[in-house]
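Chemist: model this:
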Amino acid sequence: MTEKKRIAVFGGSECTAQTAEAAEMVGKLLAEKGALVYCGGRSGVMKAVCKGTSEAGGTVVGILPTQDASGINRYVTVPVATGAGQGRNVMIANSVHGAIAIAGAYGTLSEIAHTLAQNKPVVTLGSWDIKGVNEAQTPEGAVHKILEIT
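Modeler: Numbering: from 1, shown residues only. Now for the predicted structure:
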């Protein structure tokens, strides 16, 4: 049996409607390809990717910063309450084969850095342009690229 790809999707807790639409499409496409999706499980990009994944019949693991499931979005399949605050970013990076970063701020940058530090690939979609990431222009391109290089 082949192991399912575990792919994180990083992004901010606030985002534009256009960014949410892209994140929802990324979640949908990952689910259709059979990937397990990991994210922070809360609002913004996280909620949008969870919605796309869930509505396409996929599984979302939400790695939460809190000690309980407070603040979780309704589309998370498996909540993991860490009590670790921003330290959860390391836990997400530890758990996946690679990641897609969509827009985002410093928390997203932290997640990208932790993932790259583990020599795991990161594809960006309108996110941080830093050494080591692979850029994509569309949700389809981001999903194709991360599944190709993991």
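
Chemist: buried set for the helix ranked longest in the chain?
Modeler: Using DSSP state H to define each element, the chain has its longest helix at helix 17-32. Buried positions in helix 17-32, judged by neighbour count with 16 or more other C-beta atoms under 10 Å: 19-20, 22-31. All C-beta spots, glycine's among them, are computed from the backbone N, C-alpha and C.

Chemist: which residues touch residue 142?
Modeler: By C-beta atoms under 8 Å, 6 or more residues apart in numbering, the residues touching residue 142 are 26, 100, 102, 123-125, 136.

Chemist: before we move on, the earlier item: the longest helix of the chain - contacts with which helices or strands?
Modeler: Judged by 3 or more C-beta pairs under 8 Å, 6 or more residues apart in numbering; DSSP states H and E, helix 17-32 is in contact with strand 6-11, strand 36-39, helix 45-55, strand 98-102, helix 139-149.

Chemist: can you lay out these as TSV showing distance to residue 85?
Modeler: Output for the helices and strands packed on helix 17-32, formatted as TSV (distance: least, C-beta to C-beta, whole Å):
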stretch	distance to residue 85
strand 6-11	16
strand 36-39	16
helix 45-55	15
strand 98-102	19
helix 139-149	26
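
Chemist: for those, which one sits closest to residue 119?
Modeler: Closest to residue 119 of those is strand 98-102 (C-beta to C-beta; 10.3 Å).

Chemist: and the angle for the closest one with helix 45-55?
Modeler: For strand 98-102 against helix 45-55, the angle by axes from the mean of the first three to the mean of the last three C-alpha atoms, to 10 degrees is 120 degrees.

Chemist: just how off-centre is strand 98-102 within its chain?
Modeler: Averaging C-alpha positions (C-alpha atoms, centre = their mean, to the nearest Å) puts strand 98-102 5 Å from its chain's average.
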